[in-house]
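K.L.:
below is the sequence, then the predicted model.
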Amino acid sequence: MLEARNISYSYDDDSQALKNVSLKINDGEMAAILGKNGAGKSTLFLHFNGIHEPDDGEILIDGEKLKYNKKALIKCRQKVGIVFQNPDNQIFAPSVEEDVAFGPLNLKLPMDEVQNRVEEALKRVGMEGFEKKAPHHLSGGQKKRIAIAGILAMKPEIMILDEPTAGLDPQGALKIMNLLSELNKEGITIVISTHDVDLISQYVNKIFVMA
């Protein structure tokens, strides 16, 4: 389903963030990537849907090498959705429903289909009734759920989540992990990065460690 082959990547200041990174995640798996701060987890995640293009190596999705033209990237981002560590980097619309609708609207879907996707996604993450709320009035855990809903509205096959439990209390973290587990059981391939070894060991069936 998702594969990185010998990915290397350096930022503009020549600091090497990734060096010969390879991993393979199969359809339907729930996988975790562990590593200390600065190991390159977030940088790797930004390669999974073409936000970064590697200096060397390649990303494969369903066995096909990812290309970096506009058409290929749009197709990729419908299939692979990324939820960033800080939901404030992802949520920017004045209301919850407008934020969740942003992706489907960009696909130029009919309005009734957009509305159905918004309602379904918010219900799925337990945030129905919050449609008219301003995102900046929500708690950290609620913002995480809205960010996940925004990706779910795109109907992805793969969800990539960077530190989905960061900044949450234990109960909030458990709720997010239970939600991700449910989505995985429904057929969505899930990949998360985390520092919480004790929590994720109950959920995932594959763990990668980045040095």
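P.N.:
Great, that's in hand.
K.L.:
pull out the buried positions in the helix or strand of the chain with the lowest mean pLDDT.
P.N.:
Here the helix or strand of the chain ranked lowest by mean pLDDT, DSSP states H and E is helix 197-200, holding a mean of 80. Neighbour counts over helix 197-200 (16 or more other CB atoms under 10 Å) mark L199, I200 as buried. In this view, the C-beta of every residue, glycine as well, is placed from N, C-alpha and C.
K.L.:
so that it lines up with my notes, have the first residue be 37 from now on.
P.N.:
Renumbered: residue one is now 37, and that last one reads helix 233-236.
K.L.:
centre of the chain to it, how far?
P.N.:
Its chain's C-alpha centre and that of helix 233-236 lie 18 Å apart, by CA atoms, centre = their mean, to the nearest Å.
K.L.:
for stretch 129-145, same thing?
P.N.:
Counting by CA atoms, centre = their mean, stretch 129-145 is centred 17 Å from the centre of its parent chain.
K.L.:
please save the CA atoms from it in CSV.
P.N.:
In CSV, the C-alpha atoms belonging to stretch 129-145 read as follows (Å, rounded to 0.1, in the frame of the first residue of the first chain):
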residue,chain,number,x,y,z
ALA,A,129,-11.8,28.3,8.3
PRO,A,130,-14.1,30.5,10.5
SER,A,131,-16.4,27.6,11.3
VAL,A,132,-16.0,23.8,11.8
GLU,A,133,-18.3,22.8,8.9
GLU,A,134,-16.4,25.2,6.5
ASP,A,135,-13.1,23.7,7.5
VAL,A,136,-14.2,20.1,7.0
ALA,A,137,-15.8,21.0,3.7
PHE,A,138,-12.6,22.6,2.3
GLY,A,139,-11.2,19.4,0.8
PRO,A,140,-14.3,18.1,-0.8
LEU,A,141,-15.1,21.6,-2.2
ASN,A,142,-11.6,21.6,-3.8
LEU,A,143,-12.5,18.3,-5.5
LYS,A,144,-15.4,20.3,-7.1
LEU,A,145,-18.0,17.8,-5.8
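K.L.:
what about S46, how many residues nearby?
P.N.:
Around S46 there are 15 other residues, counting by other CB atoms under 10 Å.
K.L.:
let me fix that, I meant to ask about C112.
P.N.:
With other CB under 10 Å as criterion, C112 counts 19.
K.L.:
which secondary structure state does it sit in?
P.N.:
helix (DSSP: H, G, I helix; E, B strand; the rest coil).
K.L.:
circling back to that earlier point, what's in contact with the least confident helix or strand of the chain?
P.N.:
With CB atoms under 8 Å, 6 or more residues apart in numbering as the test, helix 233-236 has contacts from A68, L70, T201, A209, L210, M213, I228, T230, I243.
K.L.:
need the phi and psi values for the residue nearest to E89 when sequence neighbours are not counted.
P.N.:
Distances taken as CB to CB, 6 or more residues apart in numbering place Y104 nearest to E89, at 5.2 Å, with adjacent residues excluded. Dihedral angles of Y104 (phi, psi; degrees, to the nearest 10) stand at phi -120, psi 20.
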